[in-house]
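J.: Sequence plus predicted model, see below.
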4 protein chains.
Amino acid sequence: MTTPYPTSERSIELQTRLREFMETRVLPNDAVFETQLEEGPRFATPPILEELKAEARTAGLWNLFLPVDSDASRGAGLTNLEYAPLCEIMGRVAWAPEVFNCNAPDTGNMEVLARYGTPEQQERWLQPLLAGEARSCFAMTEPEVASSDATNIEASIRRDGEEYVIDGHKWWVTQSPRAECAISVFMGKTDPSAERHLQQSMILVPMDADGVEVVRALDVFGYDSAPEGHGEVRYRDVRVPAENLLLGEGRGFEIAQGRLGPGRIHHCMRLIGVAERALEEMRERANVRVAFNGPLSEKGALRHQVAECRVAIDQARLLTLHAAHRMDEVGNKAARREIAMIKVVAPRMACAVLDRAIQVHGAAGVGPDHWLARAYAHARTLRLADGPDEVHLESLAKLEFRAT
Amino acid sequence: MTTPYPTSERSIELQTRLREFMETRVLPNDAVFETQLEEGPRFATPPILEELKAEARTAGLWNLFLPVDSDASRGAGLTNLEYAPLCEIMGRVAWAPEVFNCNAPDTGNMEVLARYGTPEQQERWLQPLLAGEARSCFAMTEPEVASSDATNIEASIRRDGEEYVIDGHKWWVTQSPRAECAISVFMGKTDPSAERHLQQSMILVPMDADGVEVVRALDVFGYDSAPEGHGEVRYRDVRVPAENLLLGEGRGFEIAQGRLGPGRIHHCMRLIGVAERALEEMRERANVRVAFNGPLSEKGALRHQVAECRVAIDQARLLTLHAAHRMDEVGNKAARREIAMIKVVAPRMACAVLDRAIQVHGAAGVGPDHWLARAYAHARTLRLADGPDEVHLESLAKLEFRAT
Amino acid sequence: MTTPYPTSERSIELQTRLREFMETRVLPNDAVFETQLEEGPRFATPPILEELKAEARTAGLWNLFLPVDSDASRGAGLTNLEYAPLCEIMGRVAWAPEVFNCNAPDTGNMEVLARYGTPEQQERWLQPLLAGEARSCFAMTEPEVASSDATNIEASIRRDGEEYVIDGHKWWVTQSPRAECAISVFMGKTDPSAERHLQQSMILVPMDADGVEVVRALDVFGYDSAPEGHGEVRYRDVRVPAENLLLGEGRGFEIAQGRLGPGRIHHCMRLIGVAERALEEMRERANVRVAFNGPLSEKGALRHQVAECRVAIDQARLLTLHAAHRMDEVGNKAARREIAMIKVVAPRMACAVLDRAIQVHGAAGVGPDHWLARAYAHARTLRLADGPDEVHLESLAKLEFRAT
Amino acid sequence: MTTPYPTSERSIELQTRLREFMETRVLPNDAVFETQLEEGPRFATPPILEELKAEARTAGLWNLFLPVDSDASRGAGLTNLEYAPLCEIMGRVAWAPEVFNCNAPDTGNMEVLARYGTPEQQERWLQPLLAGEARSCFAMTEPEVASSDATNIEASIRRDGEEYVIDGHKWWVTQSPRAECAISVFMGKTDPSAERHLQQSMILVPMDADGVEVVRALDVFGYDSAPEGHGEVRYRDVRVPAENLLLGEGRGFEIAQGRLGPGRIHHCMRLIGVAERALEEMRERANVRVAFNGPLSEKGALRHQVAECRVAIDQARLLTLHAAHRMDEVGNKAARREIAMIKVVAPRMACAVLDRAIQVHGAAGVGPDHWLARAYAHARTLRLADGPDEVHLESLAKLEFRAT
């Protein structure tokens, strides 16, 4: 698909180099990555990843996600529209984004720190993240409440002199089980008596602080999502200096809103890459697999499915680019309709394309020798993460009826 | 929705004026149009239409469809991308496109004549069409064969000295029943023994020629589609001068391919307008209609449907604009994938949105007091006209597997 | 499909005879019926219908719908389960049910009269209906309110001495435009101040009473549904004797509930017949139509659609039979879950099967030479009539959550 | 749902006892089972399972699957229709069927041995299986070919004197990794030059025979399906006595056809149980989870989904019962249409219901604390196992077009 929006030469040049890096460095090392993961400690960075990170950084394929409105010296300074095709390319391999320091949830956390952090916070926490030397997590979701409604969050952040005392039970804290995870961005209530959207705050909690315990890593479907993992984390009487608070008391909801926009669309960009690759594999399999007097690629029903996948992917990509463009033009808040739309469309599309690709692969499609089922599990999760479909549909309905 | 592609100032200015014309001249005369149609001869131009045509022409809102690669002196000289939002605006009212001389099948026939016609053919037939003084039809589909496969067309165009003798049984010849229909572009075989794609030719056949008989007007889901109508037409031993042939013997298939690209996308542009208006009416109805303790607009399931409609419309619009852009950039032939995609997507989307809007309107939705059921009938037809979904999906599959 | 439930010999014998009557008397006269309708007064019984009615009555294929709990001397005394396959067979041709005096809304009205009518009411109104000598209509839906919520009905039935005075604006009063329509069962409020479900009453209003005006016949999509038609009816200061009231003041809602159960399932039974015939025609068309190097019946995508239609039809039939069986066993009220389910499933299924059949027929499918588009319009209406899908889904949800 | 078909008292009595056993013995031991599995050797029977098996056998809840046409002394002698509700009840918990010795693939293998085995084969292999003292596997699918088309199977069974020599590469051999797995029913070619459907044979191959190697256990999505597991198995020069052949050379295809009918429908019966339980959990979760001003159970869109699940489950159950009834009445071969239908419907339905239930559970739905994602992985697999959807749809299409 030609890029429907005029793209800068910079983005095009980066796409070329990124594609080449993926072909020559990432894909050929996919098996190495898996083997090292199998052999090494499960939730720790496999050596090949560090090697490739160093190479990518040297090649200038680093921190591509950091938007133009942040301090350009830190990142690539690309617009969302420029970044979208790059993010799609990285998305084709599950572990590739980290090679370029463009993986969730670190990207979101870096954005938060770049945007709202004090110079001290940036010095202490942002720099290592930008350098790819530390990893981070985002502690928001709680098992006891419907966290899709962020006002439900019940963890407590209590001021006590020059410190805050943190108590909470979180889960689906991506990357918290990882050995290299240094810091968590923690959301909780500083003032339960305040107006609904002003009760929450965000605060930086080092993972090695007393009282922080990663209880276990949670499987998604049966996958452990190593090396990052999704942790269940208990925070018990954890004390951090008051200056660890982000932006100010009661502004947690506001930060969450700002953080989630780019995070959501990055997921979507990556899912386009996933789906595109799934379609490629579907075609390849259909070409070589023979049943009932001919290759699967000659069966009419399968051919229509291939066509439907093409249509669904291209439509999702156009909407992703459109949303990125809107974010660049009018800002994340004014572009919330477009973000909501793509957040509903892309995971659903990816699930559907992956499901069809699985079916064409037969039993191999659900098994361990192919990446399809694992990708499905991840895509399915994204119909829940960062707001379930239902919440985004309701937001869209609200905007529609407001327009009446 | 902001236009995702940079649009020319010219298009924006035309959109503003066109929207205003629709609001102040077309919509307020909708009832007048219906009444005149009811009272006057069924398949003839209602007076109000002629009045509005004159106004639109004076206002420079005329022949907007004629693309930039045609002689600019005749039309607006807009690119497909510039034309798309204009066409969407006109599409909101079923009979509006003709007000601006932008209605099918005249647009397609004008394009064929502008592109392939001899100076004499243009003088004789194109000029009155461009002036909105005559109307035309396109005689391709035949009842006896699956015309979705154009090589099946069986009508005969036989050379006999300085004349061609035409014989054929056509149907779904849109606008043929209309009093003002002066000319038909007729497709048939000049050489049944030639290679499959070189058997067909196109020729101009005046509707008043001896042997041309409009047997009847065909209803679409009970609607007669007046004033244009869809005719069943018999051509029996019809003789026309040899110079009425278009482009040359054996080139009918080639013309059809060129003709259908823009025709297909214009239908899609209009369907976006139809769907957008249906969604507006759906919201309005939901706001005022009360059942089971509250307005329908507060029912969660309906709200999700409204959101889904929004997503579907915006995705279809983006794909339409993308296809238009590709046609401008690489030409109709190279853009055939994008055209095939939108030809599958837009009618299906419009049917789905209209169906939901009908449901929200209750019995009123299927009845004569609302335009929804009529629009559904038309949109449903477009899953068949200019190639059924299945043919486009197969084309897409072919392109996909070729890419492997 | 073999009948999954043990069926009585009586039902099987009737099925055989009914099928034969359909094949030898109804289908061969389909064209005659259409011609007479075209030529005669539009909303009046075509002579062929009267002929066939006489034959059917003589053959004992008459009033088959009347259930076993009514006075058996009047009808066939079949259970719902015994009647279901018969109703399916009749449903294959749109006008066939009336041949056997089994058409809506007369069946519903006859049931109401048989169940709730006084001997005088039965003598005066039921007898001619049972004899097929008069026709009737049911005046419930109103244009101004969401009639899906029956408590919204606003028409007034006011007691004035020995009379009731009726005022109301009704529409979608099926059969009211018909010349032979003698009586309307009218629903309105006798006591607007009563408890919500006790405000409504039903009363018998002769169509020739002063103040009853059939304003117009309403098209469904573009079809006028002749000979019965759907009328918009004004009741202005209509006076009827007090004894015309059915069952008692405030019991209109109760009667409506009782009436709608069988009415709903009869529609579903007929739709199974419609869908089955559509699938037959789809297969036949696919066998003879050739495109792109072979008959459509060899295209894999179409073959899967045929299979999906078979699955959908058989599932809907099983659910219909199950609902019928439940009604026989536990009564209409206790079987409301099964009735709600089939009322959602059958029209949706029929629409989907008809839509696919239309697609296989190409342009012919939406046109006047085939019954498919007309049947689609009717099936689509049944997603609204007797309660829109949404109301039934909500009823089902209520029952589910009650079960928790 | 009341049973739509008349069920024997025997089945009803067994249902009552089985339901009670599930409630009092199986469900309360679910956690014990998981813990023992976690602690013990992964692919071996957890002690609790043996305990419960002994109890079930004593209670007469044993070998319920063995149909009436087998020697009744061995099994329960129930018809398929009688067995269906029992199988649904067991299906509610993934590991429960084995408690009653009714789990795949042992059931299928027992049926094959009961039907086609020689007295010696039955004595040696069937008895321990019937007693629940040994386990078995079925080695059919091969990684190198599309095994959905059984004629593709390439493994070799070569006669050599009084022995057969077996070579083949199989995978998705369910239960082969299990410690207790004693015997495999192996499919391969005895005569590659024979007519397509006569090339294959089946033979009994002990798992401890020289040359049999379970290379690895295959994960489904990320689940290892312990304790049974799905193995990749290499057979290299394995020699077994000639009398291990089943039925005769060239009859493998015939046995496979016979074996798969009951196997397919048992999977479907269990999936009904899975879906029913998923819907229960969906409702329960919706009742207690609060977001955006109320419990999820009050959100209209979710309520409609609950209703749609109910409809889908009940329709699938009716079709399952119908297919079972047909198998009882006309035999597995004549009932192949009904079996094909339910094999397409049930896994698709279960996937859809589970997917909705997952969505209502939020992140918990895809995680390790709930059985939903695991059940989804299994149900998804059943759209491939025992013939992918596409093969069954094509079979249905063939039957439809034959009927024309």
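T.: Received, thanks.
J.: how much space is there between the closest residue to chain C within chain A and C:Gln122?
T.: Distances from chain A to chain C, computed as C-beta to the nearest C-beta, single out A:Gly300 as the nearest residue at 2.8 Å. For every residue, glycine as well, the C-beta is placed using N, CA and C. A:Gly300 sits at a distance of 59 Å from C:Gln122 (criterion: C-beta to C-beta, to the nearest Å).
J.: one step back: kindly state the pLDDT recorded for the residue of chain A closest to chain C?
T.: According to the model's per-residue confidence, A:Gly300 sits at a pLDDT of 97.
J.: need the contact list for the residue of chain A found nearest chain D.
T.: When you check chain A against chain D by C-beta to the nearest C-beta, the closest residue turns out to be A:Gly222, at 2.5 Å. For A:Gly222, the contact set (C-beta atoms under 8 Å, 6 or more residues apart in numbering or on different chains) comprises A:377, D:219-224, D:373-374, D:377.
J.: of all those, which comes closest to D:Met110?
T.: D:Val220 (23.7 Å; C-beta to C-beta).
J.: so what's the closest one up against?
T.: If a contact means C-beta under 8 Å, 6+ apart, then D:Val220 has A:222, A:366-367, A:373, D:230, D:377-378, D:381 as its contacts.
J.: do the helix or strand in which A:Ile358 is found and chain C meet?
T.: In this structure, A:Ile358 sits in helix A:336-361 according to DSSP states H and E. No - counting by C-beta under 8 Å from any C-beta of the partner chain, chain C is not contacted by helix A:336-361; separation bottoms out at 12.6 Å.
J.: what's the angle between that helix and helix D:336-361?
T.: Helix A:336-361 and helix D:336-361 meet at an angle of 150 degrees, taking axes from the mean of the first three to the mean of the last three C-alpha atoms, to 10 degrees as the criterion.
J.: If you count contacts, what does the helix or strand following helix A:336-361 end up packed against?
T.: Going down the chain from helix A:336-361, the next helix or strand is helix A:363-366, by DSSP H and E. Under the contact criterion of 3 or more C-beta pairs under 8 Å, 6 or more residues apart in numbering or on different chains; DSSP states H and E, helix A:363-366 touches helix A:336-361, helix A:372-381, helix D:372-381.
J.: ok, then the element right after the second one?
T.: It stands for helix A:372-381. Along the chain past helix A:372-381, the next helix or strand (assigned with DSSP H and E) turns out to be helix A:389-403.
J.: check whether that following helix contacts chain B.
T.: Yes - applying C-beta under 8 Å from any C-beta, one finds that helix A:389-403 is in contact with chain B at A:390, A:392-394, A:396-397, A:400-401, A:403.
J.: Same question for stretch A:146-166.
T.: No - against chain B, stretch A:146-166 shows no contacts by C-beta under 8 Å from any C-beta, the least distance being 14.4 Å.
J.: circling back to that earlier point, a markdown table please, covering the residues of helix A:389-403 next to chain B and showing distance to A:Met282 and pLDDT.
T.: Supplementary listing: the residues of helix A:389-403 next to chain B in a markdown table, determined by distance: C-beta to C-beta, whole Å; pLDDT from 0 to 100:
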| residue | distance to A:Met282 | pLDDT |
| --- | --- | --- |
| A:Glu390 | 29 | 97 |
| A:His392 | 28 | 97 |
| A:Leu393 | 29 | 98 |
| A:Glu394 | 33 | 97 |
| A:Leu396 | 30 | 98 |
| A:Ala397 | 34 | 98 |
| A:Glu400 | 35 | 97 |
| A:Phe401 | 39 | 97 |
| A:Ala403 | 39 | 72 |
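J.: Pick out whichever of these sits closest to C:Cys181.
T.: Of all the residues of helix A:389-403 next to chain B, A:Phe401 has the smallest distance to C:Cys181: 42.1 Å, by C-beta to C-beta.
J.: Was I right to think the closest one contacts B:Arg283?
T.: Yes - with contacts counted by C-beta atoms under 8 Å, A:Phe401 reaches B:Arg283, the gap being 6.1 Å.
J.: re earlier: name the nearest residue to the residue of chain A closest to chain C, sequence neighbours excluded.
T.: Nearest in space to A:Gly300, with sequence neighbours left out and distances taken as C-beta to C-beta, 6 or more residues apart in numbering or on different chains, is C:Gly300 at 2.8 Å.
J.: and the one you found, how many neighbours?
T.: A count of neighbours around C:Gly300, defined by other C-beta atoms under 10 Å in any protein chain shown, yields 18.
J.: Now do the same contact list for it.
T.: With contacts taken as C-beta under 8 Å, 6+ apart, C:Gly300 has the following neighbours: A:299-303, D:394.
J.: Kindly recompute the last result at 7 Å.
T.: C:Gly300 sits next to A:299-301 when contact means C-beta atoms under 7 Å, 6 or more residues apart in numbering or on different chains.
J.: And A:Trp171, by the same measure?
T.: When contacts are counted by C-beta under 7 Å, 6+ apart, A:Trp171 touches A:141, A:143, A:218, A:232.
J.: do A:Leu81 as well
T.: When contacts are counted by C-beta under 7 Å, 6+ apart, A:Leu81 touches A:5, A:321, A:324-325, A:328.
J.: from those residues, which single one is nearest C:Gly40?
T.: Looking at the contacts of A:Leu81 and their distance to C:Gly40, the nearest is A:Leu321, at 61.1 Å (C-beta to C-beta).
J.: host element of the closest one?
T.: A:Leu321 is located in helix A:300-334, with elements delineated by DSSP H and E.
J.: now the angle from that helix to helix B:336-361?
T.: Taking the same axes, to 10 degrees, one finds that helix A:300-334 is oriented at 70 degrees with respect to helix B:336-361.
J.: how far out from the middle of the chain is helix A:300-334?
T.: Per C-alpha atoms, centre = their mean, to the nearest Å, the displacement of helix A:300-334 from the mean C-alpha position of its chain is 18 Å.
J.: Around chain C, pick out the residues from the stretch 51-200 of chain A.
T.: For the stretch 51-200 of chain A, there are no residues in contact with chain C under the definition C-beta under 7 Å from any C-beta of the partner chain.
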